[in-house]
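# What shape does this take:
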Amino acid sequence: MCGIFGIVTNYYNDFKGLLLESKKALNHRGPDSIGHSLIKIAENNMHLLLIHTRLRINGNGNSQPIKNKSGTIYLIINGEIFNWHRLEKELNFVCNQSDCEIIIPLYEKYKSTPQVIFEKLSGQYSFMLVDLETKTILVGRDHIGITPLYIGKYNGTTVFSSELKAITKTSYFFEDDPIISVFQPRSYYHEKFDDVLDSHLNCRMKHYLRLSQYSSKDCIYTVEEDINIVHEKIRELLTESVKSQLIDMLNNENGDYGVLLSGGLDSSLIASLVVKIGEQHGVESKRIKTFSVGINKDSPDLIAAREVSEFLGTDHHEYYFSIEEGINSLSDVIWYIESYDCTSVRASTAMYLLTKKIKENFSNLKVLYSGELADELLCYLYGANAPNDDAFQDETVHLVSNVHYFDCLRANKTCMANSLEVRVPFTDIHYVKYILSLHPKYKRFGKVNGFMEKKIVRDSFVGYIPQNILYRKKEQFSDGVSDFKKENNWIDNLKEYSENMYTDEEFEIIKKRYTYNTPESKEHLLYRIIFNKLFDCPSAEGTVKRWYPKWCDTKDPSGRLQTFYN
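Alright, predicted model coming up:
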């Protein structure tokens with residue numbers, strides 16, 4: 001993955017200063033090469049500045065922007081296109097610079113119907129394309145929002161950036177604070193240069209996919225007659241997703257790869273499939289690295305991960321972090337994830353410290369596989385309390401629609417903080433569509449049918465991982481890194497630390513300063529204060545959502561507090 005920063009402006013700027021500051025903010029996302037182009041549109045006194053920092057996975061060592069042969073199309077992109085080989089054949093084109101280069105001939109063929117471009121792409125990406133012939137730009141983001149993208153609006157200037165900080169830290173080059181928003185996944189923006197500066201830019205966004213079609217009132221459910229067909233389809237789709245995301249790495253000279261293994265169902269299945277597919281291509285399991293993290297060797301995740309690694313025969317590495325180390329990292333974590341959401345900060349701290357250790361010990365490793373989105377597709381633990389099928393279905397659609405604010409944000413940004421790309425096979429569009437289209441009777445759990453959570457997936461992969469791991473109870477990542485003793489419990493210690501930061505009276509006074517996402521606990525307040533100090537821009541707060549469980553008595557996101565867990 002990489003970092004992108006694109007400006008369209010008719011306001012004269014210190015472009016050299018903008019270039020230096022934005023590169024500084026994006027450098028961790030692409031340390032292998034840095035490129036930029038400054039384009040002047042003389043007839044309307046407009047400038048376009050395109051900046052790219054590259055983490056090289058495929059292709060040659062050239063920096064971006066990527067250009068077409070005539071030099072009329074410029075592309076900067078953060079991401080990976082997994083079906084580029086198939087598109088090469090379809091378009092009679094050969095990619096030399098990277099897999100992402102395929103977007104240029106795809107655009108040249110379908111520029112009049114840009115929705116088709118996104119319907120044909122399979123990958124994780126956010127990009128900005130400039131067409132000097134038609135004087136238009138095309139900006140788009142993948143179907144889940146695996147890679148981040150923000151929009152900053154000034155008077156006479158529009159900015160698109162992979163990182164919030166690249167916008168807030170360059171705002172002093174302009175005369176006012178930016179209005180910042182999240183560029184939503186499943187959408188694109190295709191307009192003339194002049195219209196890019198329109199204050200109603202967000203209203204011009206177009207959707208190439210709407211997950212609302214899977215809501216209970218609109219979904220035409222896939223109802224299979226035989227449960228074995230469902231299991232076979234799930235197994236086939238997830239296997240194909242891992243294969244499509246792994247195949248380029250099997251003979252890649254630009255970097256090694258590994259798997260983030262928590263020892264839970266989701267990461268263990270991904271690890272198993274990475275091993276199986278690797279072995280089919282001559283890669284022995286002992287060459288595949290797996291990585292785990294916890295407070296100490298007795299953390300539930302570490303115990304389970306050891307068992308999975310032994311079963312699969314991987315080269316396993318586990319790391320530990322102390323409560324003090326975690327607390328001391330909070331400011332760095334919030335700086336990188338660009339969020340003050342409680343569950344995101346809790347889980348991101350462990351993931352950030354883990355990927356930091358990985359990078360220190362394996363400098364040639366560039367790609368990690370992980371298990372995000374599996375929970376959202378099947379409604380977490382609190383889904384056991386769903387009052388009916390419709391409510392369960394609608395909540396899964398809601399969770400998948402918003403995962404770019406939470407788990408996908410956490411995975412991408414904590415890995416990229418340490419210049420590591422994360423790939424998340426559960427986000428494959430074909431897999432997502434199939435799971436969402438299944439009738440809730442296949443997915444619900446709890447008192448309604450006596451099933452455990454994610455039973456439909458567990459039953460699809462019997463034999464792939466140890467049986468007790470296959471049916472291991474869900475542990476949210478920020479819970480599983482701790483054991484059950486208070487002195488070694490990450491979340492309990494975070495709460496205690498936050499409680500000691502403010503008196504009850506101070507908390508009641510300070511929280512009233514925040515009218516949006518008003519803090520509901522001292523822990524919330526701590527993260528919010530750190531965030532506002534780091535991102536000193538009024539609209540930056542609005543780029544964050546808060547995650548809460550539904551249909552329960554607690555708003556604390558810890559899975560261990562759910563009645564179904566106990």
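# CA only for contacts and neighbour counts going forward, please
Fine.
# tell me the contacts of Ser419?
28-31, 55, 359, 366 (C-alpha atoms under 8 Å, 6 or more residues apart in numbering).
# Just these: which are in helices?
Lys359 (DSSP state H).
# Please identify which of the contacts of Ser419 is nearest to Glu506.
His28 (36.7 Å; C-alpha to C-alpha).
# Looking at strand pairing, list the partners for Ser37.
Note on Ser37: beta-bridge partners by DSSP bridges are Leu50.
# okay, now the domains of the chain?
Here the domain parsing of the chain from automatic domain parsing is 2-209, 228-472.
# sorry, back to before: same list (the contacts of Ser419) but as TSV, adding neighbour count.
Output for those, formatted as TSV (neighbours: other C-alpha atoms under 10 Å):
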residue	neighbour count
His28	22
Arg29	28
Gly30	25
Pro31	16
Leu55	27
Lys359	16
Lys366	25
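# out of the domains of the chain, nearest to Thr503?
Closest to Thr503 of the domains of the chain is domain 228-472 (C-alpha to C-alpha; 19.2 Å).
# Quick one: distance of the closest one to the chain centre.
For domain 228-472, the separation from the chain centroid amounts to 12 Å (computed by C-alpha atoms, centre = their mean, to the nearest Å).
# can you give me the end-to-end distance of it?
22 Å (C-alpha to C-alpha, to the nearest Å).
# Now do that domain, average pLDDT.
In this model, domain 228-472 has an average pLDDT of 96.
# And for stretch 505-517?
Mean predicted confidence for stretch 505-517 is 96.
# Can you tell me what sits against that stretch?
518-520, 522, 525, 541-542, 545-546.
# Could the C-alpha coordinates of that stretch be exported in PDB?
Taking C-alpha atoms only, stretch 505-517 is exported to PDB below (Å, rounded to 0.1, in the frame of the first residue of the first chain):
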ATOM      1  CA  GLU A 505     -16.300  17.000  38.600                       C
ATOM      2  CA  GLU A 506     -13.600  17.600  36.000                       C
ATOM      3  CA  PHE A 507     -15.100  15.000  33.700                       C
ATOM      4  CA  GLU A 508     -18.600  16.500  33.900                       C
ATOM      5  CA  ILE A 509     -17.200  20.000  33.000                       C
ATOM      6  CA  ILE A 510     -14.800  18.900  30.300                       C
ATOM      7  CA  LYS A 511     -17.100  16.500  28.400                       C
ATOM      8  CA  LYS A 512     -19.600  19.400  27.700                       C
ATOM      9  CA  ARG A 513     -17.000  21.000  25.400                       C
ATOM     10  CA  TYR A 514     -17.700  18.200  22.900                       C
ATOM     11  CA  THR A 515     -21.200  18.500  21.400                       C
ATOM     12  CA  TYR A 516     -20.400  15.800  18.800                       C
ATOM     13  CA  ASN A 517     -19.700  12.300  20.100                       C
END
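# Now find how far off-centre it is within its chain.
That offset, for stretch 505-517, works out to 30 Å (C-alpha atoms, centre = their mean).
# Name the residues of it that come out as buried.
507, 511, 517 (16 or more other C-alpha atoms under 10 Å).
# Tabulate the residues you listed (a markdown table), appending distance to Thr427 and secondary structure.
What follows is the buried residues of stretch 505-517, written out as a markdown table (distance: C-alpha to C-alpha, whole Å; DSSP: H, G, I helix; E, B strand; the rest coil):
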| residue | distance to Thr427 | secondary structure |
| --- | --- | --- |
| Phe507 | 39 | helix |
| Lys511 | 36 | helix |
| Asn517 | 28 | coil |
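# Not counting sequence-adjacent ones, nearest residue to the residue minimising distance to the centre of the chain?
The chain has Cys408 as the residue nearest its centroid, 2.6 Å off, counting by C-alpha atoms, centre = their mean. Nearest non-adjacent residue to Cys408, counting by C-alpha to C-alpha, 6 or more residues apart in numbering: Ile146, 5.4 Å away.
# For Asp226, give its distance to Tyr442.
Taken as C-alpha to C-alpha, the span from Asp226 to Tyr442 is 11 Å.
# returning to that earlier point: using JSON lines, lay out the domains of the chain together with distance to Ser482.
As requested, those are exported to JSON lines (distance: least, C-alpha to C-alpha, whole Å):
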{"stretch": "domain 2-209", "distance to Ser482": "27"}
{"stretch": "domain 228-472", "distance to Ser482": "5"}
